[in-house]
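Participant: Everything below, folded, please.
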Amino acid sequence: MRYTAHPNWCATLSLSSSAVFLLLLVFSMNIRHISVLVAGALLLLVAINLFFASPAEPDLTRSETLTTVADTPSGLTEGAKLTATVATREPASFYLSSLYDLKLENLKIAPPEDRPVGSGGALAVIDGSRILLADRVGQFYLLNFDNGISSITLLEQLRAPLNLDAFQEDNKKTDSRNFRVTDILLEGLDTDEIYTIYMSHHLWNKKEKCFTLSVSEAQLNMNSLNSPVDWHNRFNTTPCLPGRRVTVESGGRMATLAPDTLLVTVGIMLDKGKYWGMAANDSFSYGKIIKLDKTTWESKVLTKGHRNPQGLLVDDGKIWSTEHGPQGGDELNLIIPGEDYGWPTSSYGMDYFTKLLKGSDTPGEHSLGVRPVFAWVPSVAVSNLIKLEGSGFPLWRNDFLVGSLRGGGNGNSLFRVRLHDGAVRVNERIPSGFNIRDLVEMPNGYLVLWDGKNNLQTITPTSQSFSTCTGCHTLFEGWPGGIGPNLFGVVGRPVGAIDDYEYSSAMKKLTGNWTREQLDEFLRDPQHFAPGTSMEIDGIEDANERREIIDRLQNPLQSVLDVKTPGN
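Facilitator: This next block holds a predicted model:
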């Protein structure tokens, strides 16, 4: 991906245009049609300014447009047809967690114009520099990394076995936004040319007019990613469900349990109460975690009594799952083969818009089945989970990171979960600012998040310099100041503008607004900038450190998110 910025000739050309205008005006003194020449000169001036008005320096308040170039990025063969995709890199945001200062960078992929609305898809790490992304409708993208996401390339020829068109053709009055890809899983070594890819997805049975959650398998040539593949159907849920409604309770997460064993979660799929009993019945696939033999593709029920298991992790032989409760009661479960996890009669959550749980005499008490290791009340709308094992966050190593969707006001976040002796001891919320449908950890420690629509986010640790500032200042809108004034929105704010803060006499003498340049000068030497200021630091000599602090001041991540709508 190449980044281009036009030199800022605007000021020079403005002067040149003005000079041209004056010359034309003088010349026109001897010409009858003065107004014509004056108008022409004005139009020339405006046109030149509009054409060349691009900033020379990056403006952190603006988005940056990134375009891939058709030059055969890693994983694509010579001569392969490439379609340049455009992504917009948003200004970085920053968040101070308990152990790390975090930098959050968002990229928005421009989706195909004909892609229907909805949320789904997943990420899969290929190697230390590449990630494969499948969106909700099965369109694949290749993400290349070089100190962050350096290119995003649409893989036109690689398509999923999601027969959405057939579903829409037979169900014209049915909302199809939840008919989707739910997960992808890659198996292979960095040195392998051929990987196995598994995809879980909805599948429409055109003959029987019903749908299933299915698992398909294909062989993927890592040196020729932008090529068609032959998909083989390996598993379909039973029974096949009527197509009048596809709900969000799909499950569909996969994990490798052993070289010959694949696990897949299956939600209740239909939101009508009369179908919920399938979760407790071994004759049905729904509300289960299913064990698949990759040699024979025979399926067995591993556990039952699940509502919507969205996350799945195998760690040292232990199986962990995250599961949506109803209104409240999202769960972290340790999966024990053969056990019942309680749905639909047990949950710490309630039916939507009530204080009751249908089928339970003890609402709010998970009285039947295996209780969760941890439950989030109110809901956070949990998605997938991973265990941190890379080098990027050594103080978080072996912790779980759990993604969340919208939730009931607590979502749009990562949750760092630390367990000791089988119990959750730490559950730290880290706001991300958007839905987290899936997340992966790169070998170098980068965290990459996918929102299920067209947004990506990378999270990396940054220097701890800004934490010094927070010892005296707050950085959240509406919060009172500390020893120093609240710094939320300080870039561009008038100096000494907080009404309820008593500034030093040195600061009261200053006028104007805080610019990046003024903040840089102040941080370098506060006493030189404002002699007598009560700012008790010697100054920061490192220009990069000062720039990073100012970046954070300009683009903080709000700590309290105005998100109220529940979502799965």
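
Participant: where are the low-confidence patches of the stretch 1-150 of the chain?
Facilitator: 1-86, 112-116 (pLDDT under 70).

Participant: Map the structural domains onto the sequence of this structure.
Facilitator: 10-52, 466-554 (automatic domain parsing).

Participant: where exactly do the helices run in the stretch 251-400 of the chain?
Facilitator: 273-276 (DSSP state H, counting those that start in this stretch).

Participant: What are the boundaries of the strands in it?
Facilitator: Taking DSSP state E, counting those that start in this stretch as the criterion, the stretch 251-400 of the chain contains strands spanning 251-258, 261-266, 288-293, 299-304, 309-315, 318-323, 330-335, 374-376, 382-387, 400-404.

Participant: Over to the stretch 401-550 of the chain?
Facilitator: 413-420, 423-431, 438-441, 447-450, 455-462.

Participant: one step back: Gln139: which of the strands of the stretch 251-400 of the chain is closest?
Facilitator: strand 251-258 (17.3 Å; CB to CB). (Glycine included, C-beta is placed from N, CA and C.)

Participant: Can I get that closest one in CSV, CA atoms only?
Facilitator: What follows is strand 251-258, C-alpha atoms only, in CSV (Å, rounded to 0.1, in the frame of the first residue of the first chain):
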residue,chain,number,x,y,z
GLY,A,251,-22.8,-19.8,17.2
GLY,A,252,-20.4,-21.1,14.5
ARG,A,253,-17.0,-20.8,16.1
MET,A,254,-14.4,-23.5,15.4
ALA,A,255,-11.3,-24.8,17.1
THR,A,256,-8.9,-27.7,16.6
LEU,A,257,-9.0,-30.1,19.6
ALA,A,258,-6.6,-32.7,18.1
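
Participant: what's next to that strand, contact-wise?
Facilitator: For strand 251-258, contacts defined as CB atoms under 8 Å, 6 or more residues apart in numbering pick out 182-183, 185, 187, 198, 200-201, 213, 215, 262-267, 291, 306, 308-314, 319, 321, 384.

Participant: of those, buried ones?
Facilitator: 182-183, 185, 187, 198, 200-201, 213, 215, 262-267, 291, 306, 308-314, 319, 321, 384 (16 or more other CB atoms under 10 Å).

Participant: related to what we said a few turns ago, export the strands of the stretch 401-550 of the chain to a markdown table and tack on mean pLDDT, mean neighbour count and distance to Trp479?
Facilitator: Shown next, in a markdown table, are those (pLDDT from 0 to 100; neighbours: other CB atoms under 10 Å; distance: least, CB to CB, whole Å):
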| stretch | mean pLDDT | mean neighbour count | distance to Trp479 |
| --- | --- | --- | --- |
| strand 413-420 | 97 | 20 | 19 |
| strand 423-431 | 97 | 15 | 15 |
| strand 438-441 | 98 | 22 | 29 |
| strand 447-450 | 98 | 26 | 26 |
| strand 455-462 | 94 | 20 | 22 |
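
Participant: can you redo these as CSV with distance to Pro372?
Facilitator: Shown next, in CSV, are the strands of the stretch 401-550 of the chain (distance: least, CB to CB, whole Å):
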stretch, distance to Pro372
strand 413-420, 12
strand 423-431, 10
strand 438-441, 20
strand 447-450, 24
strand 455-462, 26
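
Participant: of all these, which lies closest to Ser504?
Facilitator: strand 455-462 (29.7 Å).

Participant: Strand 413-420 and the closest one, what's the angle between them?
Facilitator: 50 degrees (axes from the mean of the first three to the mean of the last three CA atoms, to 10 degrees).

Participant: Which secondary structure elements does strand 455-462 sit against?
Facilitator: strand 101-109, strand 447-450 (3 or more CB pairs under 8 Å, 6 or more residues apart in numbering; DSSP states H and E).

Participant: quick one: strands adjacent to the longest one?
Facilitator: Next to strand 101-109 in the sheet, as set by DSSP bridges, lie strand 86-89 (antiparallel), strand 93-96 (antiparallel), strand 455-462 (antiparallel).

Participant: Surely Gly120 and Ser176 touch.
Facilitator: No: Gly120 is beyond contact range of Ser176, at 11.5 Å (criterion: CB atoms under 8 Å).

Participant: Looking at these two, which is more packed in?
Facilitator: Set Gly120 next to Ser176 and count neighbours by other CB atoms under 10 Å: Gly120 wins out with 27 against 20.

Participant: Now Gly128: closest residue in space that isn't a chain neighbour?
Facilitator: Among residues not flanking Gly128 along the chain, Pro443 sits closest, at 4.6 Å (CB to CB, 6 or more residues apart in numbering).

Participant: List the buried residues of stretch 469-481.
Facilitator: 469, 473-475, 481.

Participant: likewise stretch 331-343?
Facilitator: 331-333, 335, 340-343.

Participant: quick one: low-confidence ranges for the stretch 451-568 of the chain?
Facilitator: 556-568.

Participant: ok, which stretches of it are helices?
Facilitator: All helices of the stretch 451-568 of the chain, identified by DSSP H, counting those that start in this stretch, fall at 465-470, 505-508, 516-524, 526-529, 543-554.

Participant: What is the third one packed up against?
Facilitator: So that's helix 516-524. Using 3+ CB pairs under 8 Å, 6+ apart: helix 516-524 touches helix 526-529, helix 543-554.

Participant: who wins for proximity to Ser93 among those?
Facilitator: Between these, helix 543-554 lies closest to Ser93; by CB to CB that is 8.5 Å.

Participant: In the closest one, which residues are buried?
Facilitator: Going by 16+ other CB under 10 Å, helix 543-554 has these buried residues: 546, 548-554.

Participant: distance between it and the chain's centre?
Facilitator: Relative to its chain's centre, helix 543-554 lies at 24 Å (CA atoms, centre = their mean, to the nearest Å).

Participant: what does it contact?
Facilitator: 60-61, 91-92, 94, 462-463, 465-466, 469, 475, 487, 490-491, 516, 519-520, 523-524, 540.

Participant: Using PDB, list the CA coordinates for it.
Facilitator: Extracted as PDB, the C-alpha positions of helix 543-554 are listed here (Å, rounded to 0.1, in the frame of the first residue of the first chain):
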ATOM      1  CA  ALA A 543      10.700  15.200  20.500                       C
ATOM      2  CA  ASN A 544       9.100  11.900  19.600                       C
ATOM      3  CA  GLU A 545       7.900  11.500  23.200                       C
ATOM      4  CA  ARG A 546       6.400  15.000  23.100                       C
ATOM      5  CA  ARG A 547       4.700  14.300  19.800                       C
ATOM      6  CA  GLU A 548       3.200  11.100  21.100                       C
ATOM      7  CA  ILE A 549       1.800  12.900  24.200                       C
ATOM      8  CA  ILE A 550       0.300  15.500  21.900                       C
ATOM      9  CA  ASP A 551      -1.200  12.900  19.700                       C
ATOM     10  CA  ARG A 552      -2.900  11.300  22.700                       C
ATOM     11  CA  LEU A 553      -4.200  14.700  23.800                       C
ATOM     12  CA  GLN A 554      -5.600  15.300  20.400                       C
END
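
Participant: From one end of stretch 324-337 to the other, what's the distance?
Facilitator: Taking CA to CA, to the nearest Å, stretch 324-337 runs 20 Å from one end to the other.

Participant: Start at 441, not 1
Facilitator: Right, with 441 as the first residue, what we last looked at is stretch 764-777.

Participant: Perfect, I'm done here.
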